[in-house]
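Asks: pasting a predicted model and its sequence here:
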Amino acid sequence: LDTKVIGAQKSGGNISVNVEGAKGGNNETLDCDTVLVCIGRRPFTKDLGLEGV
């Protein structure tokens, strides 16, 4: 929480996500295989198959 995404880059099968603290914190790069983008305040996750993750 209190983090905002500055950008993301895909290279091959990897994704690098650049984030910074929303309150002026440090910048950080997260290396990921998959990125899940969510918006809103109420989850609609039924039937997404998240039990197997």
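Replies: Perfect, I can see it now.
Asks: could you report the neighbour count for I6?
Replies: Residues lying near I6 (other CB atoms under 10 Å) number 12. Quick note: C-beta positions are derived from backbone N, CA and C, even for glycine.
Asks: my read is it is in a strand, agree?
Replies: Yes. Checked against DSSP: H, G, I helix; E, B strand; the rest coil, I6 lies within a strand.
Asks: quick one: contacts for it?
Replies: The neighbours of I6, taking CB atoms under 8 Å, 6 or more residues apart in numbering as the test, are 18-20, 27.
Asks: by neighbours, which of the residues you listed wins?
Replies: Neighbour counts for the contacts of I6, by other CB under 10 Å, peak at V19, which reaches 17 neighbours.
Asks: now, which of the contacts of I6 lie within strands?
Replies: Using DSSP state E, the members of those that fall within strands are 18-20, 27.
Asks: one step back: in CSV: the contacts of I6, plus distance to T34 and pLDDT.
Replies: Putting these into CSV (distance: CB to CB, whole Å; pLDDT from 0 to 100) gives the following:
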residue, distance to T34, pLDDT
N18, 17, 96
V19, 16, 94
E20, 21, 94
N27, 22, 92
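Asks: that older thread, between the ones in strands among the contacts of I6, which sits nearest T3?
Replies: T3 lies nearest to V19 out of the ones in strands among the contacts of I6, by CB to CB, at 5.0 Å.
Asks: so what are the sheet partners of the lowest-mean-pLDDT helix or strand in the chain and their directions?
Replies: Every helix and strand in the chain was compared by mean pLDDT, DSSP states H and E; the lowest is strand 3-11, with a mean of 93. In the sheet, strand 3-11 lines up against strand 14-21 (antiparallel) (DSSP bridges).
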